[in-house]
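Peer 1: sequence and computational prediction follow.
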2 protein chains.
Amino acid sequence: MDSPPTTRDRIVQAAMELFWRKGYGSTSISDILETAKVNSGSLYYFFKGKQELLVAVLEAYRDGIGPALLNPAWNGVDDPIEKIFALLAGYRRALVDTDCFYGCPIGSLALELHEPDPEVRELMAANFTAWTDAVRECLEQADLRPETDVRALAELTLTVMEGAVMQTRTFRDVAYFDRAVAQLRQHIDQLRKE
Amino acid sequence: MDSPPTTRDRIVQAAMELFWRKGYGSTSISDILETAKVNSGSLYYFFKGKQELLVAVLEAYRDGIGPALLNPAWNGVDDPIEKIFALLAGYRRALVDTDCFYGCPIGSLALELHEPDPEVRELMAANFTAWTDAVRECLEQADLRPETDVRALAELTLTVMEGAVMQTRTFRDVAYFDRAVAQLRQHIDQLRKE
DNA sequence: TTGTTAGTTGAACGTTCAATCAAGTCAATC
DNA sequence: GATTGACTTGATTGAACGTTCAACTAACAA
């Protein structure tokens, strides 16, 4: 049923992969061309330049949060709190699978791009919001004390994930990730009813 | 008493400033030369290349954590827990003063450099360790429950700061920082004796 | 057949980059 | 006053970069 990927798709795919692995600045157009097996003219037929390609990549990430991130992580998980930690476990796996090299692609871009265009900045923000909104829904389904600031707690989850990825990558040791997640679990446990 | 800064010092100073504001990759050698008012030959007389300059910058940051970061933040603060939040307030101020553009220089570098040399990676790790060690000392002086994992809690403080800076910069809104810090305070309060 | 549209090709362009180096300065030492 | 050695100068190099473009192909339509 699924037709072979279009040239445009191959370019976006390659850019997603390379921006994740090498970062935006360190990925050259020719890197992308080689990976996607495409000539430069084709790339510039579909995209005005490198930055418009970044926009497409960020849109692809945003649209993939549900199908490519949440659905696999939540397969077979029902408890709303456990869904949150299953999501975090997905990032842990990505770290372990890459020897603690690669973490969250959006987080890396967010700190690498020091003066992003408004469109790029807003797309990164949209990615974060979509992520925390999903966590927020879980928290609202859980039995937390009524006075709990669910928004702040969902944002803290993202905060902890991103900060933990940063330290894990820097120390090349997933134990930093585990200790941070354990602290988050302890914090959330304190907010449960009873 | 303090003599005029040496050429070397001016170069390191300029590089610290520019790596913080523009990032490592986006700072060119000629940016540094202009800022430091130095010719390229002088820079290459003191440093083998851009990366050796990065090493010097990371060493300068590490050596400055006490005198340039902790001492000013802790001026007039005695309570060990309040010292921690005074430190975080310093980062908040930096964000507000720069319209939520610039956060922690080490954190930005840690996510920007995807394949850092071992020496660079270890220096970033040393910066993080020096930071969390300072927080750890505060936590050990505080009256926390004896079963508290003080190391994990100190690392969580760094995690929250870095993650909060990332979101604050992306949303250009310091409220994200404040909500994260409020959650951290709530968590630490839960771990106090009684 | 002829024209039109959508997509592809890859050599070439101008710029910017990190890095080099031969020549020069100047205060201290002999 | 000659010599030394630490430091400075800035034009220059060559590679890598993002981007452009005129020519080309294939499919479909008039």
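Peer 2: Cool, got the structure.
Peer 1: going by C-alpha atoms from here, please, whenever you check contacts or count neighbours.
Peer 2: Noted.
Peer 1: name the spans of chain A whose pLDDT lies under the cut-off.
Peer 2: For chain A, the stretches flagged by pLDDT under 70 are A:1-3, A:194.
Peer 1: do that again at 50, thanks
Peer 2: A:1 (pLDDT under 50).
Peer 1: so how far is DNA strand C from the residue nearest the centre of it?
Peer 2: In chain A, the residue lying closest to the centroid (C-alpha atoms, centre = their mean) is A:C104, at 4.5 Å. Distance, A:C104 to DNA strand C, by C-alpha to the nearest atom of the strand, to the nearest Å: 26 Å.
Peer 1: need phi/psi at that residue.
Peer 2: The phi/psi pair for A:C104 (degrees, to the nearest 10) reads phi -90, psi 120.
Peer 1: so who does it touch?
Peer 2: A:20, A:91, A:162, A:165 (C-alpha atoms under 8 Å, 6 or more residues apart in numbering or on different chains).
Peer 1: ok, now how distant is A:D31 from A:R21?
Peer 2: 12 Å (C-alpha to C-alpha, to the nearest Å).
Peer 1: A:D143 now?
Peer 2: 39 Å.
Peer 1: look at those two and report which has more neighbours.
Peer 2: A:R21 (19 against 13; other C-alpha atoms under 10 Å in any protein chain shown).
Peer 1: now the closest residue to that one other than its chain neighbours: phi and psi?
Peer 2: Nearest residue to A:R21 in three dimensions, chain neighbours excluded: A:Y102, at 6.4 Å (C-alpha to C-alpha, 6 or more residues apart in numbering or on different chains). The phi/psi pair for A:Y102 (degrees, to the nearest 10) reads phi -110, psi 130.
Peer 1: run through the residues that contact A:Y102.
Peer 2: With the criterion set at C-alpha under 8 Å, 6+ apart, A:Y102 makes contact with A:20-21, A:94-95, A:169, B:114.
Peer 1: so what's the residue count around A:I84?
Peer 2: 23.
Peer 1: wait, a helix at it?
Peer 2: Yes: counting by DSSP: H, G, I helix; E, B strand; the rest coil, A:I84 falls inside a helix.
Peer 1: skipping adjacent residues, who's closest to it in space?
Peer 2: A:V135 (6.3 Å).
Peer 1: what about that neighbour, which helix or strand?
Peer 2: Element membership of A:V135 [criterion: DSSP states H and E] is helix A:118-141.
Peer 1: pull the distance from the next helix or strand after that helix to the chain's centre.
Peer 2: Using DSSP H and E, the helix or strand that follows helix A:118-141 in sequence is helix A:150-171. The chain centre lies 11 Å from the centre of helix A:150-171; the measure is C-alpha atoms, centre = their mean, to the nearest Å.
Peer 1: for helix A:150-171, name the packing helices and strands.
Peer 2: helix A:80-97, helix A:118-141, helix A:175-190, helix B:105-112, helix B:118-141, helix B:150-171, helix B:175-190 (3 or more C-alpha pairs under 8 Å, 6 or more residues apart in numbering or on different chains; DSSP states H and E).
Peer 1: so which of these gets nearest DNA strand D?
Peer 2: Of all the helices and strands packed on helix A:150-171, it is helix A:118-141 that lies closest to DNA strand D, at 14.5 Å by C-alpha to the nearest atom of the strand.
Peer 1: that older thread, quick one: the residue nearest to the centre of chain A from A:E17, how far?
Peer 2: Distance from A:C104 to A:E17, by C-alpha to C-alpha: 12 Å.
Peer 1: care to break chain A down by domain?
Peer 2: Domain ranges of chain A: A:1-47, A:63-190, per automatic domain parsing.
Peer 1: want to try CSV for those, with distance to B:D78 as columns?
Peer 2: Putting the domains of chain A into CSV (distance: least, C-alpha to C-alpha, whole Å) gives the following:
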stretch, distance to B:D78
domain A:1-47, 42
domain A:63-190, 26
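Peer 1: re the thing from before, count of neighbours near the residue nearest to A:I84?
Peer 2: Residues near A:V135, counting by other C-alpha under 10 Å: 25.
Peer 1: could you do A:V96 as well?
Peer 2: Per other C-alpha under 10 Å, the neighbour tally for A:V96 reads 17.
Peer 1: can I assume it is in contact with A:F177?
Peer 2: No: contact criterion C-alpha atoms under 8 Å: A:V96 and A:F177 do not qualify, at 10.5 Å.
Peer 1: one step back: out of the helices and strands packed on helix A:150-171, nearest to B:L53?
Peer 2: With distances scored as C-alpha to C-alpha, the stretch of these nearest to B:L53 is helix B:118-141 (10.5 Å).
Peer 1: show me what the closest one is packed up against.
Peer 2: Against helix B:118-141 (3+ C-alpha pairs under 8 Å, 6+ apart) you get helix A:150-171, helix B:50-64, helix B:80-97, helix B:105-112, helix B:150-171.
Peer 1: need those in CSV (columns: distance to DNA strand D).
Peer 2: Output for the helices and strands packed on helix B:118-141, formatted as CSV (distance: least, C-alpha to the nearest atom of the strand, whole Å):
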stretch, distance to DNA strand D
helix A:150-171, 24
helix B:50-64, 13
helix B:80-97, 29
helix B:105-112, 15
helix B:150-171, 23
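Peer 1: would TSV of these with distance to A:I65 be doable?
Peer 2: Formatted as TSV, these follow (distance: least, C-alpha to C-alpha, whole Å):
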stretch	distance to A:I65
helix A:150-171	14
helix B:50-64	35
helix B:80-97	29
helix B:105-112	21
helix B:150-171	18
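Peer 1: which of the ones you listed sits closest to A:E119?
Peer 2: Closest among these, using C-alpha to C-alpha: helix B:150-171, at 11.6 Å.
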